[in-house]
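Colleague: predicted model and sequence below, questions to follow.
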Amino acid sequence: MSRIDELTDRIERLLLRHEELHRTNALLQQQVAITAQERDSLRARLSAARARIDALIDKLPVHPGDAAEGHDEAPHSED
């Protein structure tokens with residue numbers, strides 16, 4: 001094989017590899033976009049769940065013993 005044939009063969013392989021990497025990169029970018037959408041959706045669901053939990057906690061009755069132990073009240077200041 002002549003030197004030019006070797007270079008031609010190598011260039012063709014490099015071009016094929018470039019095309020393959022380009023397709024792989026496009027697929028990876030799609031996967032990143034899908035993953036980012038899923039992450040954003042999960043974050044929104046988590047935020048909504050936290051809001052529901054906070055609302056439920058706010059509805060819980062305060063037990064008299066908790067107030068005496070200072071769990072739900074600000075510390076008493078003595079005058």
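Modeller: Yep, it's here.

Colleague: distance from stretch 12-20 to the middle of the chain?
Modeller: 34 Å (CA atoms, centre = their mean, to the nearest Å).

Colleague: for that stretch, what does the pLDDT average out to?
Modeller: For stretch 12-20, the mean pLDDT works out to 98.

Colleague: next one: stretch 30-38
Modeller: Computed over stretch 30-38, the average pLDDT equals 98.

Colleague: give me phi/psi at residue 61?
Modeller: Phi and psi for residue 61, reported as degrees, to the nearest 10, are phi -70, psi 150.

Colleague: what sits against residue 39?
Modeller: Residue 39 makes contact with no residue under the criterion CB atoms under 8 Å, 6 or more residues apart in numbering. Placement of C-beta: from N, CA and C, glycine included.

Colleague: kindly report the same for residue 30.
Modeller: Neighbour list for residue 30: empty [criterion: CB under 8 Å, 6+ apart].

Colleague: for residue 31, give its distance to residue 54.
Modeller: Applying CB to CB, to the nearest Å, the value for residue 31 to residue 54 is 34 Å.

Colleague: please enumerate the helices of the protein.
Modeller: Shown for the chain, the helices assigned by DSSP state H span residues 3-59, 64-69.

Colleague: give me the residue at the spatial middle of this protein.
Modeller: residue 39 (3.8 Å; CA atoms, centre = their mean).

Colleague: pLDDT wise, what is residue 63 at?
Modeller: For residue 63, the model assigns a pLDDT of 82.

Colleague: oh, that last question was meant for residue 67, not what I typed.
Modeller: Value for residue 67, per-residue pLDDT: 57.

Colleague: swap in the one 3 residues further on?
Modeller: Per-residue pLDDT puts residue 70 at 53.

Colleague: residue 75 too?
Modeller: 53.

Colleague: residue 78 too?
Modeller: 54.

Colleague: pull the number of nearby residues for residue 52.
Modeller: When neighbours are defined as other CB atoms under 10 Å, residue 52 has 10 of them.

Colleague: and it, how far from residue 42?
Modeller: For residue 52, the distance to residue 42 - CB to CB - is 15 Å.

Colleague: before I go, just wanted to say thanks for your time.
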